[in-house]
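# Next comes the sequence, and after it the predicted model I'd like to discuss.
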Amino acid sequence: QQQVKQSPQSLIVQKGGISIINCAYENTAFDYFPWYQQFPGKGPALLIAIRPDVSEKKEGRFTISFNKSAKQFSLHIMDSQPGDSATYFCAASANTGGFKTIFGAGTRLFVKA
Amino acid sequence: GAVVSQHPSRVICKSGTSVKIECRSLDFQATTMFWYRQFPKQSLMLMATSNEGSKATYEQGVEKDKFLINHASLTLSTLTVTSAHPEDSSFYICSATRGWQETQYFGPGTRLLVL
């Protein structure tokens, strides 16, 4: 019940295309859903985050779509660029005092030039 | 704002020695700090959660005596890998939260290689 399932494991997209990464969760207590971007040999960096009271959040080329009833959320990267090539982690946390965050397994994105 | 640093970025040590890794929040006071371990091409594995001035809470399967965590101030937490062995070689990453916000800000990680 604490898991966050992420797919696909890896993704290859042409430059200018749309990259889509999906995540699903079980625990309805989760109320904060961030996405992190990680480059090789670096720590993860927060990309964008959403709460369950909204269905979509957009920041530049990055959009989170959130489906509360289905307990699913996804990251869309519009106009994907080679510089977006990285590993992306979805995550979920609950405001239960401690904010332990559960991470998905990660998606390795490669954007072909 | 919300910058987290780690030191060292890389460390190579001999088996049996201890290694200390520092995690600092540079421009904010960290309510909570987390320590993760990451194996190649895998996700982040939470090792422990620490709050300033109190004992760290370790995840199941993480040896407290092996991985000593000290959270001496609101801007500094340290992870000491005691009597390191080759199987402890990994990428160790810390993160910190600011105030009572959920967002975790990650450090750049420390690559540990035990020979």
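Perfect, thanks for sending it.

# what about chain B, any weak spots by pLDDT?
B:100 (pLDDT under 70).

# So for it, the centremost residue is which one?
Closest to where the C-alpha atoms of chain B average out (C-alpha atoms, centre = their mean) is residue B:35, at 3.7 Å.

# how near is the closest residue to that residue other than its chain neighbours to chain A?
Here the nearest residue to residue B:35 in space, its sequence neighbours aside, is residue B:47; by C-beta to C-beta, 6 or more residues apart in numbering or on different chains that works out to 4.6 Å. Heads up, the C-betas are built off the backbone N, CA and C, glycines and all. As for residue B:47, its distance to chain A is 12 Å (criterion: C-beta to the nearest C-beta, to the nearest Å).

# what's the burial count for the residue in chain B that chain A sits nearest to?
The nearest approach of chain B to chain A comes at residue B:106, 3.8 Å away (C-beta to the nearest C-beta). By other C-beta atoms under 10 Å in any protein chain shown, the residues close to residue B:106 number 23.

# Ok, the one 5 residues further on next?
Counted with other C-beta under 10 Å, residues neighbouring residue B:111 total 14.

# Could you pull up the residues touching residue 48?
All of this refers to chain A. By C-beta atoms under 8 Å, 6 or more residues apart in numbering or on different chains, the residues touching residue A:48 are A:34, A:35, A:57, A:59, A:62, A:63, A:64, A:75.

# My question was about chain B, not that one.
Residue B:48 neighbours (C-beta under 8 Å, 6+ apart): B:34, B:35, B:56, B:57, B:58, B:59, B:62, B:67, B:69.

# Pull the CA coordinates from the helix or strand where the residue nearest to the centre of chain B lies and hand them back as PDB.
Following DSSP states H and E, one finds residue B:35 within strand B:30-38. What follows is strand B:30-38, C-alpha atoms only, in PDB (Å, rounded to 0.1, in the frame of the first residue of the first chain):
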ATOM      1  CA  ALA B  30      16.200  22.200   8.000                       C
ATOM      2  CA  THR B  31      13.400  20.800  10.100                       C
ATOM      3  CA  THR B  32      14.100  17.300   9.000                       C
ATOM      4  CA  MET B  33      16.900  15.600   7.100                       C
ATOM      5  CA  PHE B  34      16.800  12.300   5.300                       C
ATOM      6  CA  TRP B  35      19.600  10.000   4.300                       C
ATOM      7  CA  TYR B  36      19.200   7.800   1.200                       C
ATOM      8  CA  ARG B  37      21.300   5.200  -0.500                       C
ATOM      9  CA  GLN B  38      21.100   4.700  -4.300                       C
END
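
# Describe which strands it pairs with in its sheet and in which direction.
strand B:44-51 (antiparallel), strand B:90-98 (antiparallel) (DSSP bridges).

# Out of those strands, flag the one nearest residue A:43.
Ranking those by proximity to residue A:43 (C-beta to C-beta) places strand B:90-98 first, at 5.0 Å.

# can you list contacts of the closest one?
Counting by C-beta under 8 Å, 6+ apart, A:41, A:43-44, A:99, B:2, B:4, B:6, B:21, B:23, B:25, B:28-40, B:44, B:77, B:79, B:103-112 sit against strand B:90-98.

# what about 7 Å?
The contact list for strand B:90-98, computed with C-beta atoms under 7 Å, 6 or more residues apart in numbering or on different chains, reads A:43, A:99, B:2, B:4, B:6, B:21, B:23, B:25, B:28, B:30-39, B:44, B:77, B:79, B:103-107, B:109-112.
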